[in-house]
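Chemist: Sequence below, structure please.
(2 chains)
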Protein chains: 2
Amino acid sequence: MAVNQSTRIERLKLIQKASFIDAFLFTSSSTITCLSGHFFNFEIGPNPFQLIPAALLMAQGHPSSLVLADNEAYEPCGIGAGISIKKYASYQYKNPLDYTAKFVLKLQEALKELDLSQARIGIEQDSLPYVASQAILAVYPNVVFVDVSEEVVCLKAVKDADEIDQIRKATVLCDIGQAAVLKHAKVGMTELELFSLIRTEMEATVGTRVPIMLDLVSGARTEEGGGVPSNNIIKEGDLVLSDLTPCLNGYWGDTCNTIIVGKPSAEQSKHFQLIESALQAAIDFIKPGVKANEVDQLLRKMLSSVGEYGHHSGHGVGTKNHEEPRIVPYNEMVIKENMVIALEPAIYSNGYGIRLEHLILVTQTGCETISKFKHCFEQKS
Amino acid sequence: MAVNQSTRIERLKLIQKASFIDAFLFTSSSTITCLSGHFFNFEIGPNPFQLIPAALLMAQGHPSSLVLADNEAYEPCGIGAGISIKKYASYQYKNPLDYTAKFVLKLQEALKELDLSQARIGIEQDSLPYVASQAILAVYPNVVFVDVSEEVVCLKAVKDADEIDQIRKATVLCDIGQAAVLKHAKVGMTELELFSLIRTEMEATVGTRVPIMLDLVSGARTEEGGGVPSNNIIKEGDLVLSDLTPCLNGYWGDTCNTIIVGKPSAEQSKHFQLIESALQAAIDFIKPGVKANEVDQLLRKMLSSVGEYGHHSGHGVGTKNHEEPRIVPYNEMVIKENMVIALEPAIYSNGYGIRLEHLILVTQTGCETISKFKHCFEQKS
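Modeler: Below you'll find the model as predicted:
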């Protein structure tokens, strides 16, 4: 592969030139993970001692600065080379709390290392905190803020080799989770009990807690397409839909399988096979140059005889679990090499739902399926 | 109790008067939960289809508006009476994504229902997104933003009856979790396996996933005071420190126990009893009028013969798991009725650590211990 870690930095330079940007200040957690490697585990909620996940200041020809709360700068924080970490004291029990002022000081310290007096600063307007915008204006009253959110979304849609590696690792957890569903699901168990067994196997693999977004529903709940696991008890003949989306070091995996606890009806087996064929057809179809909505159209067309599914056919996966390219009817985005896409056709009808999902990597000539588990409807008896 | 749901709204009016505020725009998730009841479960990460958890616009004499992504407005969202929800379409797979523009339109719609042309708007500067500040200025170019973060922190430190009820419910989960530690911890089990059993019991109680922040460490790791559960295997004679902090509907519980898997040494038993006595002394001491640092001093003094613990002695608990009143050496904040405080004295020495924590509610004349489990060092054999 021709890709290496630095291509996203090279691609950032193209945005810089096209929009006449002098410096960037990134504040969304997904962009910060993508461009610096820093990841804050959100599973336990917003850190009570920080403003924002971090702020990343980047200007060509200068080292980048990552302004970070000291209690976020844990190891391994995976910060990329060439990035200087500017830690501020966010909480010290012996001293009064003034993390906002300390954040502002560190940000201004980083700003003053550059000359931005008449600069155009590329920002993410949704996540830039007001206090940070004022901190910049206090140092450089004449800067112009330019929202580059959309450009950055496109940048993040194409992955570098190190990112693909991270996504592969997260997807191994999906494979382990899907195997666990097949192994453990049984009559009389609650959805939450099943989830606990799945999560335990996934977490044991990496030896730490792993944030997991998931749909895990059984029986009639599968017709709704998803939901949080509950005390709903799995009954004989129930379908179990498991859409597992773990986040490992800031990068997500995403796969879905649907199994039956018992024996399927002829219609259920037919639906499962239809979806499997549609998914395979989409995988065979995808290559650089095709458009996102062409993939969407292909999937919907192949399942149109049994009804519509009221959601996207897929989406990009990276430092967000749902990003470009979105595989939806309107999206004319052209698929490119090194995009990572989750494809998830489904049928919801007659009181049950089946959805099958694989995660694929677009290659030079087609695509590779990153998720290695095989969709399997029936458990081994 | 003289408290009812509306006292925090009454207290907000005092801030409004004291700071000459015409309207508030709240954007931090903890304040939004406190003042509107809306809670977004952060456990699965930032919603990829929204800007911010929500924005809450409040002005005296007008109904409040909660600007909310439609996919956040799930039931039960527990929104308080008198709050009008302004939903914006955050993601519809059939239409192009432009949630920022839609958020801005809804926010401006809410703003235009008020006359804020020369207004002073109370904001939380750390969490107000730049795009929201610009949306306000586009409608009312002459508004003045006044940061009221500190005032709101003080407001949130005193709880209303409905909030105390929510914290009690979250604390029931702590009690269940601590009982599960005593029941399940055994030699040969990993910390993660133990966590899985604890979490399963806590989640089964409420029938859904529950975000849980916790320290769960065993053996030598207890001397560090905490950490994420790992594949570390519990050995005979190991201590297990479990600091369980679940979040139920936006309100947190918090308790800590330390047990021994096996038989304690004389020193370990002595340390456990010393900490238990110190905790009880602090509980006996707390009442309205004492200062936070007096509580801190009492706890540290009682344990000074066996060394210092390098963290706070406690903290407030509510829509944040760590808030005012912080029980720390410098804090002269006066303890008031209806504050909820976690107290957590500890001893870390000789290769192990013991920390015991209860959650208390300050009453008119003293305090009530909200957490009902009894600290217990040894398992039943």
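Chemist: so where do the helices sit in chain A?
Modeler: A:7-18, A:29-36, A:99-112, A:130-139, A:149-157, A:161-184, A:191-206, A:266-285, A:292-303 (DSSP state H).
Chemist: Might you list the low-confidence residue ranges for chain A?
Modeler: Scanning chain A with the threshold set as pLDDT under 70 gives A:1-5, A:44-53, A:74-78.
Chemist: which one's the longest strand in it?
Modeler: strand A:238-248 (DSSP state E).
Chemist: Quick check: residues of the stretch 51-200 of chain A near chain B?
Modeler: Contact residues, the stretch 51-200 of chain A versus chain B (CB under 8 Å from any CB of the partner chain): A:51-52, A:93-97, A:100, A:123, A:125-134, A:145, A:147, A:149, A:190, A:192-193, A:195-196, A:199-200. Where you see a C-beta, it was placed from the backbone N, CA and C, and this is true even at glycine.
Chemist: So chain A: which segments form each domain?
Modeler: For chain A, automatic domain parsing gives the domain ranges A:7-156, A:161-369.
Chemist: Just the terminal-to-terminal distance for the longest one.
Modeler: Spelled out, it's domain A:161-369. Using CA to CA, to the nearest Å, one end of domain A:161-369 lies 16 Å from the other.
Chemist: now the first one
Modeler: End-to-end span of domain A:7-156 (CA to CA): 11 Å.
Chemist: Can you get me a residue count around the closest residue to A:Phe39 other than its chain neighbours?
Modeler: Closest residue to A:Phe39 apart from its sequence neighbours, by CB to CB, 6 or more residues apart in numbering or on different chains: A:Gly250 at 3.2 Å. Burial of A:Gly250 is recorded as 25 neighbouring residues (other CB atoms under 10 Å in any protein chain shown).
Chemist: wouldn't A:Gly250 be in contact with A:Asn321 here?
Modeler: No - the pair A:Gly250 / A:Asn321 is not scored as a contact, 11.1 Å apart, by CB atoms under 8 Å.
Chemist: what's near enough to touch A:Asp18?
Modeler: Check again: residue A:18 is Ala, not Asp. Residues in contact with A:Ala18, defined by CB atoms under 8 Å, 6 or more residues apart in numbering or on different chains, are A:Glu151.
Chemist: if I look at A:Leu114, how far off is chain B?
Modeler: The gap separating A:Leu114 from chain B is 20 Å, by CB to the nearest CB, to the nearest Å.
Chemist: so who does that residue touch?
Modeler: Per CB under 8 Å, 6+ apart, neighbours of A:Leu114: A:Ala23, A:Leu57, A:Ala59, A:His62.
Chemist: check contacts around the last one.
Modeler: With CB under 8 Å, 6+ apart as the criterion, the residues that contact A:His62 are A:Glu113, A:Leu114.
Chemist: Could you do the second one as well?
Modeler: Applying CB under 8 Å, 6+ apart, one finds that A:Leu57 lies in contact with A:Ala23, A:Phe24, A:Leu25, A:Ser64, A:Ser65, A:Leu66, A:Val67, A:Leu107, A:Ala110, A:Leu111, A:Leu114.
Chemist: can you rerun that using 6 Å?
Modeler: A:Leu57 makes contact with A:Leu25, A:Ser65, A:Ala110, according to CB atoms under 6 Å, 6 or more residues apart in numbering or on different chains.
Chemist: with those residues in mind, which one is nearest to chain B?
Modeler: Set against chain B, the nearest of the contacts of A:Leu57 by CB to the nearest CB is A:Leu25 (10.2 Å).
Chemist: For the closest one, give the beta-bridge partners.
Modeler: On the basis of DSSP bridges, A:Leu25 is bridged to A:Leu57, A:Ile123.
Chemist: Output the set of residues of the stretch 251-381 of chain A in proximity to chain B.
Modeler: A:His311, A:His312, A:Lys320, A:His322, A:Val328, A:Pro329, A:Tyr330 (CB under 6 Å from any CB of the partner chain).
Chemist: Report the two of the residues you listed separated the most.
Modeler: A:Lys320 and A:Pro329 (20.9 Å; CB to CB).
Chemist: Looking at the two, which has the bigger crowd around it?
Modeler: Using other CB under 10 Å as the criterion, A:Lys320 and A:Pro329 rank with A:Lys320 on top: 24 against 15.
Chemist: Name the residues linked to A:Glu357 by a beta bridge.
Modeler: Beta-bridge pairing of A:Glu357 under DSSP bridges involves A:Cys256.
Chemist: For it, give me its contacts.
Modeler: A:Thr255, A:Cys256, A:Ala342, A:Glu344.
Chemist: And for A:Thr205?
Modeler: Residues in contact with A:Thr205 (CB under 6 Å, 6+ apart) are A:Ile176.
Chemist: give me the number of residues near A:Val153?
Modeler: Around A:Val153 there are 18 residues (other CB under 10 Å).
Chemist: neighbour-wise, which of the contacts of A:Leu57 leads?
Modeler: Across these, neighbour numbers were computed from other CB under 10 Å; A:Leu25 holds the maximum, 26 neighbours.
Chemist: ok, it - contacts?
Modeler: Contacts for A:Leu25 (CB under 6 Å, 6+ apart) come out as A:Leu57, A:Ile121, A:Ile123.
Chemist: so how far is B:Gly253 from it?
Modeler: Separation of A:Leu25 from B:Gly253 (CB to CB, to the nearest Å): 37 Å.
Chemist: cool, and A:Gly37?
Modeler: 34 Å.
Chemist: More neighbours: the two, which one.
Modeler: A side-by-side neighbour count of A:Gly37 and B:Gly253, using other CB under 10 Å, places B:Gly253 first with 30 against 21.
Chemist: The more buried one: what's it in contact with?
Modeler: With CB under 6 Å, 6+ apart, B:Gly253 has these contacts: B:Ala170, B:Thr171, B:Leu173, B:Cys174, B:Pro246.
Chemist: correct me, but the first one touches B:Asp254?
Modeler: No - B:Ala170 is beyond contact range of B:Asp254, at 8.5 Å (criterion: CB atoms under 6 Å).
Chemist: Dump the domains of chain A to a markdown table, plus distance to B:Lys156.
Modeler: Below are the domains of chain A laid out as a markdown table (distance: least, CB to CB, whole Å):
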| stretch | distance to B:Lys156 |
| --- | --- |
| domain A:7-156 | 12 |
| domain A:161-369 | 26 |
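Chemist: The ones you listed: which one's closest to B:Gln268?
Modeler: Set against B:Gln268 and scored by CB to CB, the domains of chain A come closest in domain A:7-156, at 25.3 Å.
Chemist: Between the two ends of stretch A:326-345, what distance do you get?
Modeler: One end of stretch A:326-345 sits 13 Å from the other (CA to CA).
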